[in-house]
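Trainee: I would like the atomic coordinates for the input below:
(one chain, ligands or ions: 2)
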Amino acid sequence: MNALFPAPIELSGQASEPSGTLVRRRLPLLGGGGGLQRKLIAAAPSATPSKAPPPPRSVRVSVTDRCDFACTYCRPSHRDGYVDGRLQLGVWRNMFEGLKKAGVRRVRLTGGEPLIHPEIVAIVRELSQLGFEDIALTTNASQLAHLAKPLFEAGLHRINISIDTLDPKRFEEVTRGGNLTKVLAGVDAALEAGFAPIKLNTVVLRGVNDDEIESILLWAWERRMLPRFLEVMPIAEGAKLVREHLVPVAEMRVRLAPHLVSDEARVDPGLGPAKYVASRRDPSLRVGFISGTSDTYCDTCDRLRVSSQGVLRPCLATDDGVDASAEAIGGDLHGITRRIAEAWTKKPDGEVWKGCTEETAAHVSMRAIGG
Ligand code: SAM
Ligand code: SF4
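Mentor: Numbering: from 1, shown residues only. Ligands and ions are numbered 1, 2, ... in the order given. This next block holds a predicted model:
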């Protein structure tokens with residue numbers, strides 16, 4: 001425990017005005033099935049936790065909010081705007097040093113589409129030189145065919161590839177113009193480069209791609225990849241899709257039951273909210289499920305996010321944040337750690353906060369915050 005993250009202070013009672021009012025109400029996006037949820041409204045993100053959360057160990061960095069796709073659940077169109085003022089490479093180095101000093105061990109690069117950042121390989125190299133325990137990246141793989149090997153050689157440890165369908169026409173529709181052939185070439189290049197296991201992210205949408213979960217599972221297992229099926233979350237454009245297109249994880253499990261052992265799904269400790277189940281035929285193969293809508297997991301979240309402009313964000317589901325760009329530009333490492341501690345005090349209380357099902361989530365940009 002360092003001076004910036006002092007020992008937890010026990011506070012009596014619940015969060016109160018003006019930081020938020022505890023109410024019980026029905027989650028509108030889930031209709032009747034959502035049930036009653038304890039929930040903070042108004043300035044809810046700053047709801048004071050009953051005890052201070054442990055300092056951030058894991059960070060997601062949106063290196064760019066730009067993207068060559070406009071997936072229906074993420075982005076309204078290719079014409080929506082981008083933010084100004086992205087950090088330069090040297091400034092990222094300072095930011096990463098500050099994060100390391102504050103105790104961060106794991107970094108995931110994301111976006112937007114991280115691979116369209118012109119200096120993505122150099123950014124990975126910086127992280128590698130700083131000796132982070134885990135350096136990972138999430139990508140749509142459109143540029144991976146030529147970048148997989150350079151990224152691996154620069155020190156990237158793990159890669160997650162988002163792929164929602166294996167049907168080229170559907171792929172073009174869901175991503176608004178994406179080319180499946182290029183993405184599949186990216187998957188092959190990542191396998192050849194030596195990434196293992198490669199995790200796949202598939203957002204399951206009823207009536208769009210839910211008839212493919214079995215074929216995607218088997219396709220991934222044939223290549224010894226780790227498929228993960230995500231519920232669409234009511235965040236950003238996803239907020240418009242949940243009511244009609246949500247497939248709860250419980251239903252996905254039932255549909256895939258013939259391929260899976262019947263054990264309870266388990267998390268990989270320290271590696272995010274996905275819960276994994278093994279294959280019935282080969283226990284070395286697994287599938288993951290991420291229930292960001294039907295069963296939120298804020299109580300276990302130890303993530304901080306950094307936007308492409310250098311704003312530290314304690315939660316994906318709010319626009320709350322603390323700007324650390326001036327400190328990063330000035331190379332003020334102590335200042336960065338102070339900003340991190342400040343941002344961390346804004347982390348919503350996971351005991352009551354319901355993440356991407358909170359009303360604030362519909363108004364954030366997943367690309368800018370770093371999905
Ligand atoms: N562009 C990269 C990609 O697509 O992998 C990285 C950024 S993207 C925002 C990160 C992940 O968030 C992707 O796997 C994407 O499918 C997921 N995602 C985006 N919007 C979502 C939503 N509303 N519900 C569930 N997952 C979502
Ligand atoms: Fe781009 Fe990823 Fe969002 Fe799709 S999910 S629009 S690829 S940032």
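
Trainee: any idea how far the helix or strand hosting residue 216 is from the middle of the chain?
Mentor: Under DSSP states H and E, the secondary-structure element containing residue 216 is helix 213-222. Counting by C-alpha atoms, centre = their mean, to the nearest Å, helix 213-222 is centred 22 Å from the centre of its parent chain.

Trainee: for the nearest residue to residue 219 once chain neighbours are set aside, give its distance to ligand 2.
Mentor: In space, and not counting its chain neighbours, residue 219 is closest to residue 166: 6.2 Å by C-beta to C-beta, 6 or more residues apart in numbering. Quick note: C-beta positions are derived from backbone N, CA and C, even for glycine. To ligand 2, residue 166 is 16 Å away according to C-beta to the nearest ligand atom, to the nearest Å.

Trainee: give me the neighbour count for residue 166.
Mentor: Residue 166: 17 surrounding residues under other C-beta atoms under 10 Å.

Trainee: who's in contact with residue 155?
Mentor: 124, 125, 127, 128, 129, 135 (C-beta atoms under 8 Å, 6 or more residues apart in numbering).

Trainee: show the buried residues in those.
Mentor: Among the contacts of residue 155, those buried by neighbour count (16 or more other C-beta atoms under 10 Å) are 124, 125, 127, 135.

Trainee: save those as TSV, and put in secondary structure too.
Mentor: Conversion of these to TSV gives the following (DSSP: H, G, I helix; E, B strand; the rest coil):
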residue	secondary structure
124	helix
125	helix
127	helix
135	strand
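
Trainee: hmm, back to that, just checking, next helix/strand downstream of the helix holding residue 216?
Mentor: In the C-terminal direction from helix 213-222 (assignment by DSSP H and E), the next one is strand 226-231.

Trainee: any residue of stretch 214-231 up close to ligand 2?
Mentor: No - judged by C-beta under 6 Å from any ligand atom, stretch 214-231 and ligand 2 are separated, with a smallest distance of 10.5 Å.

Trainee: rebuild the buried ones among the contacts of residue 155 as a markdown table, extending it with distance to ligand 1.
Mentor: As requested, the buried ones among the contacts of residue 155 are exported to a markdown table (distance: C-beta to the nearest ligand atom, whole Å):
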| residue | distance to ligand 1 |
| --- | --- |
| 124 | 15 |
| 125 | 20 |
| 127 | 17 |
| 135 | 15 |
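
Trainee: part of a helix, is residue 335?
Mentor: Yes - read with three-state DSSP, residue 335 is one of the residues of a helix.

Trainee: look up phi and psi at the nearest residue to it once chain neighbours are set aside.
Mentor: Nearest-residue entry for residue 335: residue 327, 3.5 Å, with adjacent residues in sequence omitted and distances by C-beta to C-beta, 6+ apart. Dihedral angles phi and psi of residue 327 (degrees, to the nearest 10) take the values phi -70, psi -40.

Trainee: the one 4 residues further on too?
Mentor: Backbone geometry at residue 331, expressed as degrees, to the nearest 10, gives phi 70, psi 30.

Trainee: residue contacts, it?
Mentor: Residue 331 makes contact with residue 94 under the criterion C-beta under 8 Å, 6+ apart.

Trainee: do the same with residue 163
Mentor: 141, 171, 183, 187, 200, 201, 202, 216.

Trainee: name the nearest residue to the third one, ignoring sequence neighbours.
Mentor: Setting aside the residues directly before and after it, residue 183 is nearest to residue 141 in space (C-beta to C-beta, 6+ apart), at 4.5 Å.

Trainee: low-confidence ranges, this structure, go.
Mentor: Low-confidence segments of the chain, defined by pLDDT under 70: 1-54, 297, 317, 349-362, 364-371.

Trainee: I'd like to know how many residues surround the closest residue to residue 311 other than its chain neighbours.
Mentor: In this structure, residue 311 finds its nearest non-sequential neighbour in residue 321, 4.2 Å apart by C-beta to C-beta, 6+ apart. Residue 321 sits with 22 neighbouring residues when counted by other C-beta under 10 Å.

Trainee: how about residue 197?
Mentor: 16.

Trainee: that one: what secondary structure?
Mentor: Assigned with three-state DSSP, residue 197 falls in the coil class.

Trainee: which residues does the closest residue to it other than its chain neighbours contact?
Mentor: Across the structure, with C-beta to C-beta, 6+ apart as the measure, the residue nearest residue 197 apart from its sequence neighbours is residue 226 (4.6 Å). When contacts are counted by C-beta under 8 Å, 6+ apart, residue 226 touches 197, 198, 199, 200, 220, 276, 285, 286, 287, 288.

Trainee: and these, which two are the farthest apart?
Mentor: Of all pairs drawn from the contacts of residue 226, the greatest distance, 14.8 Å, lies between 198 and 276 (C-beta to C-beta).

Trainee: neighbour count winner among those two?
Mentor: residue 198 (21 against 16).

Trainee: what's the spacing between that one and residue 89?
Mentor: For residue 198, the distance to residue 89 (C-beta to C-beta, to the nearest Å) stands at 27 Å.

Trainee: just residue 114 next, same as before
Mentor: As judged by C-beta to C-beta, residue 114 and residue 89 stand 14 Å apart.

Trainee: not counting sequence-adjacent ones, nearest residue to residue 283?
Mentor: For residue 283, the closest residue by C-beta to C-beta, 6+ apart turns out to be residue 261, at 7.4 Å.

Trainee: show me the contacts for that neighbour.
Mentor: Shown here is residue 261, whose contacts under the criterion C-beta under 8 Å, 6+ apart are 277, 278, 279, 280, 283.

Trainee: measure it to residue 192 for me?
Mentor: In terms of C-beta to C-beta, residue 261 sits 31 Å off from residue 192.

Trainee: then residue 299?
Mentor: 40 Å.

Trainee: just to revisit the earlier point, partners of the residue nearest to residue 197 in the sheet?
Mentor: With DSSP bridges as the criterion, residue 226 is bridged to residue 199.
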